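Q: this one's sequence-less:
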């Protein structure tokens with residue numbers, strides 16, 4: 001057993017807690033919410049929160065444990081080891097909560113963070129629009145002041161978990177007379193109200209709850225629900241996106257390692273069923289997953305040394321994309337499609353991997369950021 005207060009002690013405490021509380025219905029959920037597992041995952045979320053394990057890196061005053069970087073790594077490793085689902089509202093806990101902690105008022109933190117952590121209230125992220133995806137600063141959604149409220153009008157797309165969400169962090173233009181990056185503000189908008197129309201977007205892998213488009217037509221939000229000051233929406237959005245692009249914070253490195261381990265076991269159990277090309281694809285996926293793990297280790301070492309990164313997050317996102325798509329390709333080559341009546345899990349892994357080069361910022365945009373902001377190359 002590890003000594004109290006050590007990383008080993010933290011790991012042992014989590015292992016003992018998981019042994020007591022983990023149930024089969026939240027194992028191998030894969031982080032995706034669908035009609036069949038939604039309520040089971042929400043119940044599990046509350047169990048995690050009550051035990052202090054929904055977001056151990058959060059400050060203690062907000063329901064976390066104030067875990068160190070090393071302890072958070074141990075948490076992700078142990079959750080992946082037993083294939084336990086993490087918090088259901090990953091959009092809120094992983095991305096939006098840090099922004100609210102950074103710029104939200106004390107009243108906003110008290111109101112939003114605890115229900116978010118427990119999964120009692122699910123959050124979505126209203127950023128991308130049909131004509132403002134990669135160029136997010138060109139968004140057209142408007143927020144017009146009307147007494148104590150703002151009136152929201154616009155169209156958002158690729159809004160994660162929008163049809164189940166109670167709240168949406170909406171970026172909207174509040175000032176049309178300044179540079180486009182400076183006229184954007186952020187709001188916590190209640191989704192269950194007149195003037196909000198939600199249209200789920202079925203995904204190619206069969207998931208129907210992860211994405212949707214949302215139309216705001218006169219939806220109202222109290223001015224007190226603005227997160228940060230007027231015109232600070234762009235800075236807040238970059239805080240949210242920076243957390244979205246970190247492979248460590250999202251636990252992706254551990255997930256990829258688990259997937260290639262399962263694929264390797266399949267090949268070893270029945271090597272004659274897998275051709276040379278499939279084995280080669282799996283070998284490359286193993287290399288990519290290990291590359292990402294080592295990259296994450298370097299980033300964690302930087303954090304422990306007090307070094308923070310800005311545009312380097314684009315490198316993280318590119319490496320994460322390459323790894324996920326390599327793993328997805330191997331999943332299809334080794335695991336097959338399952339269209340002959342077998343399990344289609346590996347086909348779903350492959351199909352989902354194709355989205356990684358688009359969501360969270362396209363690979364083309366990430367390369368442009370690396371070229372301009374890291375390498376200092378001139379614009380073409």
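A: Good, I have the coordinates. Here the structure is a predicted model, which is why all the values come from computation and not from measurement.
Q: low-confidence ranges, the stretch 101-250 of the chain, go.
A: Scanning the stretch 101-250 of the chain for pLDDT under 70 picks out 209, 242-250.
Q: swap the cut-off to 50 and go again
A: Regions of the stretch 101-250 of the chain meeting the criterion pLDDT under 50 cover residues 249.
Q: helices or strands next to the biggest helix by length in the chain in the packing?
A: Within the chain, and with DSSP state H defining each element, the longest helix by residue count is helix 276-304. Applying 3 or more CB pairs under 8 Å, 6 or more residues apart in numbering; DSSP states H and E, one finds that helix 276-304 makes contact with helix 69-81, helix 252-269, helix 313-330. Backbone N, C-alpha and C define where each C-beta goes, glycine included.
Q: tell me where this structure has strands.
A: Residue ranges of the strands in the chain, as given by DSSP state E, are 123-126, 142-146, 149-156, 167-173, 184-190, 196-200, 212-222, 226-227.
Q: what distance do you get for residue 211 to residue 318?
A: When CB to CB, to the nearest Å is applied, the distance between residue 211 and residue 318 equals 22 Å.
Q: for these two, indicate the residue with more neighbours.
A: Neighbour tally, residue 211 and residue 318, criterion other CB atoms under 10 Å: the higher count belongs to residue 211, 21 against 18.
Q: check contacts around the more buried one.
A: When the contact criterion is CB atoms under 8 Å, 6 or more residues apart in numbering, the partners of residue 211 are 158, 159, 160, 162, 200, 201, 203.
Q: list the contacts of the third one.
A: If you count contacts by CB under 8 Å, 6+ apart, residue 160 has them with 91, 124, 125, 210, 211.
Q: make CSV from those residues and add distance to residue 326 to it.
A: Listed next are those as CSV, based on distance: CB to CB, whole Å:
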residue, distance to residue 326
91, 25
124, 30
125, 27
210, 22
211, 23
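Q: and the angle for the longest helix of the chain with helix 252-269?
A: In terms of direction (axes from the mean of the first three to the mean of the last three CA atoms, to 10 degrees), helix 276-304 departs from helix 252-269 by 150 degrees.
Q: list the buried ones in helix 276-304?
A: If you call a residue buried by 16 or more other CB atoms under 10 Å, then helix 276-304 has these buried ones: 278-279, 281-282, 285-286, 288-289, 292-293, 295-296, 299, 303.
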